[in-house]
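[1] curious how this folds, go ahead:
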Amino acid sequence: MPLTPRQSEILAFLRRQIDEAGIAPSLQEIADAMGIALNAAAKHLKALEAAGVIERRPGQARGLRIVETMPRIRRRHLDTFELPILGRVAAGIPIGADARVQGFVPIDRALFTPVPDYLLRVHGDSMRDDGILDGDLVAVKRASEARHGQTVVARVDDEITIKRLDIRHDRIRLLPRNPEFAPIEIAPGTDFAIEGLYCGLVRRD
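    Modelled structure (predicted):
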């Protein structure tokens, strides 16, 4: 079964921690990093183990090991880490996001502030005037809140999109940056959530 977005984020977090610290994080550290409860973190680890992407050594508090399921790109220097590509995000109308990890991209951590958690591939050109083009990989920092004017990855009725957030007089809209597209109005009762903050992009020739 494909990993859920949260499971993919946890796997990426485990990979970074093991690469950088040489040891797996504790269950509490995983829960704190993801902003979830201990029992939820434990369930996600069980799911990752069932999927065959991690192994846990019995009786060891930090006995997690990542099982390599695809070729890794070697780190070239200490300031480089790998971000997972989780799927795609619409820069047009919202489309379903493929949550499976499609690969990893080596990133220089100095390129982004804040440091992103994952990459999503852009589909569409509604963010064209902000320089976000079809096929780009957008770097995303996991977040559940955002300020007016920030570019966000948002979920609207289980679909994912990237837009400029507009909050005025208790009205929420997701604004495109291309006059050929209309804003997305978030009506009362809509299943809406901020999934992350846009940190920048990776354009691969």
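[2] just for this protein, where's the confidence low?
    Low-confidence segments of the chain, defined by pLDDT under 70: 1-2, 58-61, 68-79, 92-100, 204-205.
[3] again, 80 this time
    Applying pLDDT under 80 to the chain flags residues 1-5, 16, 18-22, 56-63, 67-81, 86-103, 108-111, 113-114, 158, 203-205.
[4] could you list the domains of it?
    The chain resolves into domains spanning 5-66, 80-202 when parsed by automatic domain parsing.
[5] and the spatially most central residue of the chain, how far is that from Ala91?
    Central residue of the chain (C-alpha atoms, centre = their mean): Tyr118, 3.8 Å from the mean position. Taking C-beta to C-beta, to the nearest Å as the measure, Tyr118 falls 17 Å from Ala91. For every residue, glycine as well, the C-beta is placed using N, CA and C.
[6] for this protein, what spans make up the strands?
    Using DSSP state E, the strands of the chain run over 54-56, 64-66, 80-90, 103-108, 118-123, 137-142, 151-156, 159-168, 171-175, 184-185, 192-202.
[7] now distance to Gly131 too, for those, in TSV please.
    Formatted as TSV, these follow (distance: least, C-beta to C-beta, whole Å):
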stretch	distance to Gly131
strand 54-56	37
strand 64-66	34
strand 80-90	15
strand 103-108	18
strand 118-123	11
strand 137-142	11
strand 151-156	11
strand 159-168	12
strand 171-175	15
strand 184-185	20
strand 192-202	8
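[8] nearest to Ile36, out of those?
    Closest approach to Ile36 among the strands of the chain is made by strand 137-142 (11.1 Å; C-beta to C-beta).
[9] helices and strands around the closest one, which ones?
    With contacts taken as 3 or more C-beta pairs under 8 Å, 6 or more residues apart in numbering; DSSP states H and E, strand 137-142 sits against strand 80-90, strand 118-123, strand 192-202.
[10] contacts for the last one, please.
    Under the criterion C-beta atoms under 8 Å, 6 or more residues apart in numbering, residues 5, 105, 107, 111-119, 122, 131-132, 136-146, 150-157, 160, 162, 165, 172, 186 lie in contact with strand 192-202.
[11] cool, thanks, signing off.
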